[in-house]
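*Asks:* show me the folded form of this:
(2 chains)
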Amino acid sequence: MSKILFLVAKLHTIEPFGVMSLAPHLKRDGHDVKLMEAEDPDLFSKVRAFGPDVIGYSVCTGSDTYYLAVNRCLKRQLRFVAVFGGPHPTFFPEMIREPGVDAICRGEGDLAFADFCRELDRTGCVRAVPNFTIRVGDAVESSPPRPLVADLDSLPPPDRELYYGVSPEIGDHRIRSFLASRGCPFGCTYCFNGAMDAMYDGTWTRVRLRSPRSLVDEIASVVQSYPAEFLAFRESIFPLKVEWLTEFADLYSRRVGLPFYCHLRLDLLNDWNVPLLARAGCYSVNVGIEAGNESVRRNLLARNISNDRMIAACRLLRSHGIKILANNMLGLPGCTFRHDLETLRLNQQCKPDYALAMLWQPYPGTQLANYARRHGHYRGDYRDLDFTYYGKSHLTFATEREKRRIENLQKLFAIAAAVPWLTPLVRWLTRLPPNRIFRTIFRTAYLIFHQTELFPHKTTPADWVRNLRHVAQGE
Amino acid sequence: MKQLKCLLSIVLGVLLGLFGACTKPSGQLQKPANKAAEPKPEAKPTKPEANTPEEVEPSGKETPESPKEEQPESPEKAEDLPIRRPILE
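*Replies:* Take a look at the predicted model:
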């Protein structure tokens, strides 16, 4: 049996579901599985002491260069098979040609990674089992993906102890995350769903739901085993099918009863599902406004929903006491500062509890990234993208001044959305060079609204001091 | 209330921005204690037998004790690794 190590860049309060979902299958096969934080100051000695046969990295675009560098460092010291999975290698399989990468796992890896490790154990050799791409000398071998897991209830629950056990801070965190479903039926052009659907022959967009009973069983077990005050459902869109939601609301309110957060689409909300969500315990929701200009939203983003419909849906959520986190994308390809001001205006009309703006990033595999490349808005090779979409835009705009104003507006967006009379001042401030103060204001507002409005949970003065120190240090 | 929180964010943000400018970020990845060569490319990567330092192939002329071992040849020095700075929820 093998020793398998997962490395995550930095421990985060949001659990890494990919890694936690792979671990139970590996443990079932008898492998010794561990997770470590790559930024641990003792990383190298800890990895050496464990002596992994395989190191797995779950990689999003923007974190790829970081993980590749960590992997190269480790490869200089130790011998192991390096496997990269997650969204970036899935949509950028060229990653296999990077030094130190032995294999990449594309798509849903639950069973595929276990197959890979089993083959490695059996033959002592890396093989291109389904979902995997490997390098053989200068050539690349690839196998198509195995079908998606049809019945999510058949999967073991994620191995939370693997993650919570790494640090007391994470183990004691009062917010626990869950997934109620996989897949999304919508084809927003900035999302990876289209590419996933193509990879899986049109089956990805058929949403797979866990049964309410299986989901509530898992939640009940987790809140008995770990401290929990608030739950978060992290799938693209929380299930709203009538029968499913009715059963879930009943089971959840009886057996768990904790307030929760979930992701929704405003055009799916109506007079029966919003009260049901509220009755189940829905405290806050994440909804996409994304762009204020209807034409941009419909034609560029493929989100067919009117401004009026969004304003009405936000009013409906507020009337049931549900807090709203609105997502917005600034700096879209071909758009201007004026388009982003329209987005600000729509947020002022929708009145979310927190209006979060990000700078759009051309993630590989998305239709919008292809559009941006085709039309010359993006000229990079994806390696220039950052860990975060809150930093800077990587697109080319008509002028550098325009780009600067968009980047500054993103930092001050939440303030201007919540305090509309500050809009003229914010517009003026966007003319200044991007600076540390704007970035810190953004991070402070993010922290305050998340901790007090959207994810209320017990925080000690020491927690606040620690978090504010992270903000000051740019974390 | 929302407006008050915004004003608090502005005041705190300015103060923390000024404070942060005076402090250095911490948490740099540690430099490896010893430099050893990357495994030579093989036709197909194989499962490693064990991870003891002795079994790692030395890089040509350099020995693990050589004075140069503290200066990795690769441009990706450990201390140059990017540091991730996510925002905590």
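
*Asks:* residue A:458: how many residues sit nearby?
*Replies:* By other Cβ atoms under 10 Å in any protein chain shown, the residues close to residue A:458 number 9. Glycine gets a C-beta too; all of them are placed from N, C-alpha and C.

*Asks:* and it, which of the three is it?
*Replies:* Following DSSP: H, G, I helix; E, B strand; the rest coil, the label given to residue A:458 is coil.

*Asks:* give the helix, strand or coil label for residue A:357.
*Replies:* Judged by three-state DSSP, the three-state class of residue A:357 is strand.

*Asks:* can you name the residues that contact it?
*Replies:* A:328-330, A:343, A:409-410, A:413-414 (Cβ atoms under 8 Å, 6 or more residues apart in numbering or on different chains).

*Asks:* distance of it from residue A:407?
*Replies:* Per Cβ to Cβ, to the nearest Å, residue A:357 is found 10 Å from residue A:407.

*Asks:* hmm, back to that, now render the contacts of residue A:357 as JSON lines, adding neighbour count and secondary structure.
*Replies:* Listed next are the contacts of residue A:357 as JSON lines, based on neighbours: other Cβ atoms under 10 Å in any protein chain shown; DSSP: H, G, I helix; E, B strand; the rest coil:
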{"residue": "A:328", "neighbour count": "24", "secondary structure": "strand"}
{"residue": "A:329", "neighbour count": "23", "secondary structure": "strand"}
{"residue": "A:330", "neighbour count": "25", "secondary structure": "strand"}
{"residue": "A:343", "neighbour count": "27", "secondary structure": "helix"}
{"residue": "A:409", "neighbour count": "24", "secondary structure": "helix"}
{"residue": "A:410", "neighbour count": "29", "secondary structure": "helix"}
{"residue": "A:413", "neighbour count": "23", "secondary structure": "helix"}
{"residue": "A:414", "neighbour count": "27", "secondary structure": "helix"}
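
*Asks:* relative to residue A:169, which of these is nearest.
*Replies:* Nearest to residue A:169 out of the contacts of residue A:357 is residue A:414 (Cβ to Cβ; 26.3 Å).

*Asks:* wait, isn't that closest one in contact with residue A:442?
*Replies:* Yes. The criterion here is Cβ atoms under 8 Å, and residue A:414 meets it with residue A:442 at 7.2 Å.

*Asks:* pLDDT weak spots in chain B?
*Replies:* Applying pLDDT under 70 to chain B flags residues B:23-89.

*Asks:* what do you get if the cut-off is 90, keeping everything else the same?
*Replies:* Filtered on pLDDT under 90, chain B yields the residue ranges B:1-3, B:17-89.

*Asks:* all strands of the stretch 201-350 of chain A, in order?
*Replies:* Here the stretch 201-350 of chain A has its strands, by DSSP state E, counting those that start in this stretch, at A:208-209, A:230-233, A:260-264, A:282-290, A:323-330.

*Asks:* of all those, which lies closest to chain B?
*Replies:* strand A:230-233 (8.3 Å; Cβ to the nearest Cβ).

*Asks:* listing partners with orientation, what would you give for that closest one?
*Replies:* strand A:175-178 (parallel), strand A:260-264 (parallel) (DSSP bridges).

*Asks:* which of those strands sits most buried?
*Replies:* strand A:260-264 (a mean of 23; mean count of other Cβ atoms under 10 Å in any protein chain shown).

*Asks:* list of residues touching that strand?
*Replies:* The set of residues external to strand A:260-264 that reach it, using Cβ under 8 Å, 6+ apart, is A:230-238, A:240, A:252, A:277, A:280-287, A:454-455.

*Asks:* that strand - what's its average pLDDT?
*Replies:* For strand A:260-264, mean pLDDT is 98.

*Asks:* just the angle between that strand and strand A:323-330, please?
*Replies:* 40 degrees (axes from the mean of the first three to the mean of the last three Cα atoms, to 10 degrees).

*Asks:* and the angle for strand A:260-264 with strand A:282-290?
*Replies:* Using the same axes, to 10 degrees: strand A:260-264 against strand A:282-290 is 30 degrees.

*Asks:* how far off centre is strand A:260-264?
*Replies:* 14 Å (Cα atoms, centre = their mean, to the nearest Å).

*Asks:* could you do stretch A:299-313 as well?
*Replies:* 22 Å.

*Asks:* now stretch A:395-404
*Replies:* For stretch A:395-404, the distance to the chain centre is 27 Å (Cα atoms, centre = their mean).

*Asks:* what residues of it count as buried?
*Replies:* For stretch A:395-404, the neighbour count (16 or more other Cβ atoms under 10 Å in any protein chain shown) marks A:395-397, A:402-404 as buried.

*Asks:* out of those residues, who's near chain B?
*Replies:* Among the buried residues of stretch A:395-404, no residue is within reach of chain B (Cβ under 8 Å from any Cβ of the partner chain).

*Asks:* if I look at residue A:128, what pLDDT would I see?
*Replies:* 88.

*Asks:* residue contacts, the residue nearest to it when sequence neighbours are not counted?
*Replies:* In this structure, residue A:128 finds its nearest non-sequential neighbour in residue A:141, 4.1 Å apart by Cβ to Cβ, 6 or more residues apart in numbering or on different chains. Contact analysis of residue A:141 by Cβ under 8 Å, 6+ apart lists A:128, A:133-135.

*Asks:* of those residues, which is the most crowded?
*Replies:* With neighbours defined as other Cβ under 10 Å, the most crowded of the contacts of residue A:141 is residue A:134; it has 24 neighbours.

*Asks:* just checking, what packs against the helix or strand containing it?
*Replies:* Using DSSP states H and E, residue A:134 maps to strand A:132-136. Applying 3 or more Cβ pairs under 8 Å, 6 or more residues apart in numbering or on different chains; DSSP states H and E, we find strand A:132-136 packed against strand A:103-105, strand A:139-142.
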